[in-house]
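Asks: Please find the sequence and the predicted model below.
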Amino acid sequence: MMAAGHTRASRVLALFALANMLSYASRTAPFVVYDDLRARFRVDDADLGLLGTAFMLPHALATLPLGWFGDRLDRRKVIAVGAILWSAAGIAGALVPSFTGVLLSRALVGLGTAAVVPPANAVLGDLYAGKHKAFAMAIFNVGLFLGGVVGFGFGAALGYRWGWIAIAAPGFALAVALLLIEVPQGSAAGSSWRALLADAATVIRIRTVRRLMAATTVMAFAAGGLTAWMVEFLQVDKGMTKPEATTLFGACGAAGLAGVIVGGRMGDRLRRTRSWGRPGAMAIGMACGAPCLAAALVLPDGPVLYVAAAAAMFFTTWYHGPMASSIDDVAPPALAATAQAVALFTTHLVGTAPSSWVLGEIFHRAGPRTAMAVAVVAVAVAALLVTRAFASVGGDGAARDARAGGPVGAPGA
């Protein structure tokens, strides 16, 4: 860890994890209140699928410029402004009188939450450079899964309107807290759109970045669709009540928390002896998760289903920390936030953004099991794609270290 000190780094990590939790809770808030939205606005499954897409399209589109700003502006302020926007939009979405207004509010929530991950990952890559990088980024992503639990829990307990308000309101206090910490700042030059495109092109030229982007885009499609439709699938296909389905989803969320941490640890451990260790942890998790998810698809309601579903979530969440740290391992230090943003831009725009709507259409037209089967296949394909990064990550990391003037990302570092 760098000279900033363990206490400071831990404080920053905890606050960023909280920011990730609140942003993801705002993202998942609609997925457990479909019945309320159907009753209030007279919408069908395809309409509800637009909620995820309305959020994710602006989220994806904003990720690149906001990450780029994170290499040039005060990273605390970038995230704080995002928190204020998603909080105000989340509260507005609970109060609007039309479903069109709800969709607009979701777009603004997506825009605000896009400010979190690229700057935060760049800061953590700096504070935790070395052998604990993937683990630190995994802890940051624990906030993501806690956010899923909070979003579903508040929605289930309070319903549409009050649940959304309760999730959104703490973001204002978060914005104030962010401005009171000190974090490493970016040093990139240039402020024009041409500079943005040139920096993005620099990142995309890195083979490992392209290969990881392909894998995580497919994985994000699966994860986004599963998050949006799992509770509905359990009710329709397994005959569960809504509380039973929400309980299983909560159990899967707990397993996902453990998986994020184990995946980060595994990525760092493998990285000590193998240049491809962090992508390797991603591939192992996805390869183990796909058959578990397939089993959960066909099993009837009962204890074995709970075990299979929890195992699927445990393994498929391994990739979060290793993915972010692998990007940081090969990205130019001055473009650390931009590199994270480039990866997330494609992942969310092509993968997550259409997933809720696409699987909603399949769910509506071909049935819930067919929709979930598409997600299973996507996880298996992602596992194959990520192995392509094994051959390039070592060379790309060495080239990055040579340009930076030292062995920043060497195995064992």
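Replies: Cool, the structure landed. Fair warning: this is a prediction, and the values are worked out from it, not measured in the lab. Numbering: from 1, shown residues only.
Asks: Next secondary structure after whichever strand or helix holds residue 112?
Replies: Assessed by DSSP states H and E, residue 112 sits inside helix 99-113. Sequence-wise, the next helix or strand downstream of helix 99-113 (DSSP H and E) is helix 117-127.
Asks: pLDDT of the helix or strand just after that next one, averaged?
Replies: Beyond helix 117-127 on the C-terminal side, the first helix or strand identified by DSSP H and E is helix 133-158. For helix 133-158, mean pLDDT rounds to 84.
Asks: cool, stretch 50-63 as well?
Replies: Mean predicted confidence for stretch 50-63 is 86.
Asks: Show residues contacting that stretch.
Replies: For stretch 50-63, contacts defined as Cβ atoms under 8 Å, 6 or more residues apart in numbering pick out 27, 30-31, 37, 102-104, 106-111, 113-115, 117-118, 224, 228, 341, 344-345, 347-349, 352-357, 360. For every residue, glycine as well, the C-beta is placed using N, CA and C.
Asks: follow-up on the earlier one: so the helix holding residue 112 versus helix 133-158, what angle?
Replies: 150 degrees (axes from the mean of the first three to the mean of the last three Cα atoms, to 10 degrees).
Asks: looking at it, residue 292 is touching residue 305, isn't it?
Replies: No. Counting by Cβ atoms under 8 Å, residue 305 is not a contact partner of residue 292; they are 11.0 Å apart.
Asks: What sits closest to residue 252 if chain neighbours are left out?
Replies: With Cβ to Cβ, 6 or more residues apart in numbering as the criterion, residue 252 has its nearest non-adjacent residue at 4.1 Å, and that residue is residue 313.
Asks: which phi and psi does that neighbour have?
Replies: The phi/psi pair for residue 313 (degrees, to the nearest 10) reads phi -70, psi -40.
Asks: Can you get me a residue count around it?
Replies: 28 (other Cβ atoms under 10 Å).
Asks: in this structure, which helix has the most residues?
Replies: helix 207-238 (DSSP state H).
Asks: List the buried residues of that helix.
Replies: For helix 207-238, a neighbour-count test (16 or more other Cβ atoms under 10 Å) marks 207-238 as buried.
Asks: And the residue nearest the centre of the chain, how far from residue 92?
Replies: In the chain, the residue lying closest to the centroid (Cα atoms, centre = their mean) is residue 144, at 6.6 Å. According to Cβ to Cβ, to the nearest Å, residue 144 and residue 92 sit 24 Å apart.
Asks: Could you pull out the helices in the stretch 301-413 of the chain for me?
Replies: 303-316, 320-330, 336-346, 353-366, 368-386, 390-404 (DSSP state H, counting those that start in this stretch).
Asks: picking that back up, following element in sequence after the longest helix of the chain, please.
Replies: The first helix or strand that comes after helix 207-238 along the chain, using DSSP H and E, is helix 242-271.
Asks: what mean pLDDT does that next one have?
Replies: 88.
Asks: helices and strands around that helix, which ones?
Replies: Helix 242-271 sits against helix 133-158, helix 207-238, helix 277-298, helix 303-316, helix 320-330, with contacts defined as 3 or more Cβ pairs under 8 Å, 6 or more residues apart in numbering; DSSP states H and E.
Asks: looking at those, which has the lowest confidence?
Replies: Sorting the helices and strands packed on helix 242-271 by mean pLDDT places helix 133-158 lowest, at a mean of 84.
Asks: got the buried residues for it?
Replies: By neighbour count with 16+ other Cβ under 10 Å, helix 133-158 contains the buried residues 133-156.
Asks: One more: stretch 173-186?
Replies: 174-175, 178, 183-186.
Asks: can you list those in a markdown table and add distance to residue 403 and secondary structure?
Replies: Output for those, formatted as a markdown table (distance: Cβ to Cβ, whole Å; DSSP: H, G, I helix; E, B strand; the rest coil):
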| residue | distance to residue 403 | secondary structure |
| --- | --- | --- |
| 174 | 36 | helix |
| 175 | 35 | helix |
| 178 | 31 | helix |
| 183 | 23 | coil |
| 184 | 19 | coil |
| 185 | 20 | coil |
| 186 | 16 | coil |
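Asks: how near is residue 128 to residue 338?
Replies: Taking Cβ to Cβ, one finds residue 128 at 19 Å from residue 338.
Asks: more neighbours, those two?
Replies: Taking neighbours as other Cβ under 10 Å, residue 128 and residue 338 compare with residue 338 leading, 29 against 25.
Asks: can you pull the contacts of residue 143?
Replies: 16-21, 24.
Asks: which ones among those residues are found in helices?
Replies: 16-21, 24.
Asks: can you put those in CSV and add distance to residue 96, pLDDT and neighbour count?
Replies: As requested, these are exported to CSV (distance: Cβ to Cβ, whole Å; pLDDT from 0 to 100; neighbours: other Cβ atoms under 10 Å):
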residue, distance to residue 96, pLDDT, neighbour count
16, 30, 95, 28
17, 30, 93, 21
18, 27, 94, 19
19, 25, 95, 27
20, 26, 93, 24
21, 25, 93, 24
24, 22, 90, 25
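Asks: what's the pLDDT at residue 405?
Replies: 61.
Asks: Likewise for the one 3 residues further on?
Replies: Here, the pLDDT recorded for residue 408 equals 48.
Asks: looking at it, residue 126 is touching residue 337, isn't it?
Replies: No. Using Cβ under 8 Å, residue 126 is not in contact with residue 337, being 10.1 Å away.
Asks: Between the two, which is the more surrounded one?
Replies: Just comparing residue 126 and residue 337: by other Cβ under 10 Å the higher neighbour count belongs to residue 337, 30 against 21.
Asks: How many neighbouring residues does residue 241 have?
Replies: Residues within reach of residue 241, counting by other Cβ under 10 Å, total 10.
Asks: Please identify which of the helices and strands packed on helix 242-271 is closest to residue 268.
Replies: Ranking those by distance to residue 268, with Cβ to Cβ as the measure, places helix 133-158 first at 4.6 Å.
Asks: I'm done for today, thanks for sticking with me.
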